[in-house]
Structure formats: structure tokens, C-alpha cells
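Student: Need coordinates for the following:
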Amino acid sequence: MNENILVEIDRERCIGCGNCVKVCPRQTLSLVDGKVATTGKASFSCGHCEAACPRRAIRVLPLHDEMGTYRTFNANKQWLPFGKYDIARLQRLMASRRSCRNYTERAVDRALLEDLVKIGTTAPSGTNSQRWTFTLLPTRKAVNAFAFHIGNYFKHLNRMATNPFLRTALTLFGRSELATYYRDHYESVKQALLEWEQEGRDRLFHGATAAIILGAKPGASCPMEDALLAAQNILLAAHAMGLGSCLIGFAVAAMKNDPSIQRSIGIPAEETVYAVIALGYPDETYHSVIRRKNAELRYFE
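Tutor: Next comes the predicted model:
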């Protein structure tokens with residue numbers, strides 16, 4: 001959260017409508033002698049005031065124009081009012097996006113990856129901290145190098161998991177994770193590692209030619225939620241751009257337990273990784289959207 005008040009006000013343009021005062025979440029602004037002024041002690045730098053001003057009299061200085069400019073498409077910068085979008089089109093996009101596990105060898109242009117990051121940052125974040133980080137793996141070679149480190153971690157984990165005495169001892173001390181892993185994942189991971197070594201078959205990234213790793217710097221109020229909200233934006237935008245995508249949970253787990261993996265791809269130790277997204281041009285086609293499992297509804301009145 002940026003506690004500094006970095007708001008520039010053009011008093012000549014200001015008409016004193018009070019729209020900015022009404023939407024400010026930190027009570028940073030107020031009307032003084034019929035014009036808006038910064039009278040609070042802190043600011044989220046969220047941009048609500050700038051977006052609400054009909055005369056463009058306010059500018060939030062920490063916000064960058066470049067982050068709203070895209071290289072692969074022209075963005076419409078006019079605010080879309082509540083209820084003015086086709087909900088059926090939005091639902092169709094959400095339901096059509098599926099986890100892709102078959103990719104062509106076509107490379108993903110870096111401009112697309114950078115635009116996806118910008119779209120990711122349009123997600124909400126707790127106290128508007130925007131402490132998220134994005135590490136781009138722009139080539140198949142880079143994805144393979146990352147996958148190599150992930151594979152080594154799981155080789156080591158599989159060796160540990162085959163020790164029944166270790167599994168039992170850890171369980172007795174209240175740490176049943178290794179036993180659960182052995183029961184649920186050991187065989188499939190073992191097979192995947194064999195296929196990688198003997199056939200070159202990629203069961204982790206499925207042949208994706210790019211990836212985006214989402215993390216967060218210290219200081220965010222809810223960093224995991226922030227990163228995952230940004231990830232959802234990226235997943236939907238990737239589908240709209242013609243890309244397939246897949247969240248790679250095994251990579252996140254490996255990085256959580258082996259900090260050397262994070263260091264190997266240049267992510268600082270103080271950052272925490274929350275999502276890894278495989279990206280590429282899909283080599284698969286679907287003909288309909290699919291149903292979902294029943295949602296459990298609960299009301300409290």
C-alpha cells in the first residue's frame with residue numbers, strides 16, 4: 001500500500017462536483033472552497049478519483065499510462081458502465097476456456113506475453129497494494145530449463161517417498177504430507193519422469209512454448225488472492241488471444257519446498273510464487289461448453 005499522497009489536481013479544470021470525494025476509499029480528498037483538495041493523511045493510489053472525474057482534473061501520479069497501452073490490440077479506454085456488457089458473451093468466454101495439455105510448436109510472441117501481464121494487473125488487489133510479480137519464460141527452451149529443475153525436485157521427493165519408515169515416522173509426528181503424496185501422486189509422477197527421460201515426453205508443461213510465473217513481494221495484505229485474481233485475468237485473456245493455458249500446480253509446490261528452483265530462474269528470495277501458467281498455441285479443439293459439478297449453496301439471513 002502506498003501511503004504517500006501523490007495526487008495532482010488541476011484546480012482550473014475542477015468543477016467541484018464531488019464525485020472523486022464520494023468514491024475515495026481512504027477519505028484522501030475533500031472539497032475546500034468549492035474545489036477538490038488533498039486533505040487526508042494517506043492514499044491507496046487506486047485511481048478511483050481519476051476515473052470518476054468528468055473533467056480530467058485529477059491525475060494519480062504512481063499510475064503509468066504505458067500500463068494501459070497494449071501492443072497486440074487497441075484498448076477502448078472508455079469506462080464500461082454497470083450492466084452494459086453482454087453477460088452471455090462473458091459466460092461463454094469463461095466456460096470455453098479449458099486447461100490445455102496439447103500445444104503446437106509455434107512460439108508465443110513476447111508482445112502477447114507482455115500484454116497478458118498488463119491485463120493481469122487490471123485485477124483487484126488487497127488495499128490496492130499491487131505487489132504482484134510476473135516472471136516470463138518466453139521460449140520453449142526456457143520452459144524446458146525450468147521443467148528440468150522441477151523434475152529434479154520430484155525425483156528427490158519420490159526417493160524419499162519410497163522409504164516406509166520415513167513416511168511412518170513423519171506421520172507419527174503429525175506430518176502426513178509425504179504419506180499422502182506417496183498414496184496419491186508417487187506412481188503418476190514416477191511414470192511422468194520415466195517418459196521425460198526415455199521419450200522426451202513433457203507431462204508437466206505438455207509442450208507449452210511459454211509460461212508466466214506469478215508471485216508477490218512482501219507487504220501485500222492478501223498476496224495469494226492478489227496473484228490468483230491476476231492469474232484468472234490472464235487465463236481468460238489468453239483464450240481470447242488464441243492461446244491455450246494451464247495452471248501447473250506441481251511447479252508451485254516444487255518451488256515452495258525447494259527455494260533453489262526460484263533462484264535458478266532469477267526470482268528474488270523475498271518473493272513468494274503462487275501460480276505458474278503454461279501458455280502456447282493449442283493443438284486441440286472442442287465443440288461445446290461443458291457442465292460443472294453442483295455448487296453447494298448456503299444462505300445466512
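Student: Nearest residue to L113 in space, ignoring adjacent ones along the chain?
Tutor: L136 (5.2 Å; CB to CB, 6 or more residues apart in numbering). C-beta coordinates here come from the backbone N, C-alpha and C atoms, glycine included.
Student: Name the SS class of that neighbour, please.
Tutor: Three-state call for L136 (DSSP: H, G, I helix; E, B strand; the rest coil): strand.
Student: Point me to the residue sitting closest to the centre of the chain.
Tutor: A231 (2.5 Å; CA atoms, centre = their mean).
Student: wait, it sits on I277?
Tutor: Yes: using CB atoms under 8 Å, A231 makes contact with I277 at a distance of 6.2 Å.
Student: who touches both of these two?
Tutor: Common contacts of A231 and I277 (CB atoms under 8 Å, 6 or more residues apart in numbering): L214, L247.
Student: Give me the helices and strands touching the host helix or strand of G215, please.
Tutor: Using DSSP states H and E, G215 falls within strand 210-216. The contact analysis (3 or more CB pairs under 8 Å, 6 or more residues apart in numbering; DSSP states H and E) places strand 210-216 against helix 110-120, strand 132-137, helix 140-161, helix 223-240, strand 272-280.
Student: Among the ones you listed, which comes closest to I213?
Tutor: strand 132-137 (4.1 Å; CB to CB).
Student: I'd like to check the angle between that closest one and strand 210-216, please.
Tutor: Interaxial angle, strand 132-137 versus strand 210-216 (axes from the mean of the first three to the mean of the last three CA atoms, to 10 degrees): 160 degrees.
Student: Tell me the strands beside strand 132-137, with direction?
Tutor: Applying DSSP bridges, strand 132-137 is found paired with strand 210-216 (antiparallel).
Student: Report how many residues lie close to R298.
Tutor: Counted with other CB atoms under 10 Å, the neighbours of R298 add up to 5.
Student: so who does it touch?
Tutor: R298 sits next to no residue when contact means CB under 8 Å, 6+ apart.
Student: Give me the local confidence score for the residue nearest to the residue nearest to the centre of the chain when sequence neighbours are not counted.
Tutor: Closest residue to A231 apart from its sequence neighbours, by CB to CB, 6+ apart: A275 at 4.3 Å. The model reports A275 with a pLDDT of 98.
Student: Same check on R175?
Tutor: Looking at R175, its pLDDT stands at 94.
Student: show me what contacts it?
Tutor: If a contact means CB under 8 Å, 6+ apart, then R175 has no contacts.
Student: Can I get the helices and strands packed on strand 210-216 in CSV including distance to C14?
Tutor: Putting the helices and strands packed on strand 210-216 into CSV (distance: least, CB to CB, whole Å) gives the following:
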stretch, distance to C14
helix 110-120, 30
strand 132-137, 33
helix 140-161, 49
helix 223-240, 33
strand 272-280, 41
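Student: Highest average neighbour count across the ones you listed: which stretch is it?
Tutor: strand 272-280 (a mean of 24; mean count of other CB atoms under 10 Å).
Student: Now do the strands in this structure.
Tutor: For the chain, the strands defined by DSSP state E cover 7-9, 29-32, 35-38, 58-60, 132-137, 210-216, 244-247, 272-280.
Student: That's all I had, so thanks and see you.
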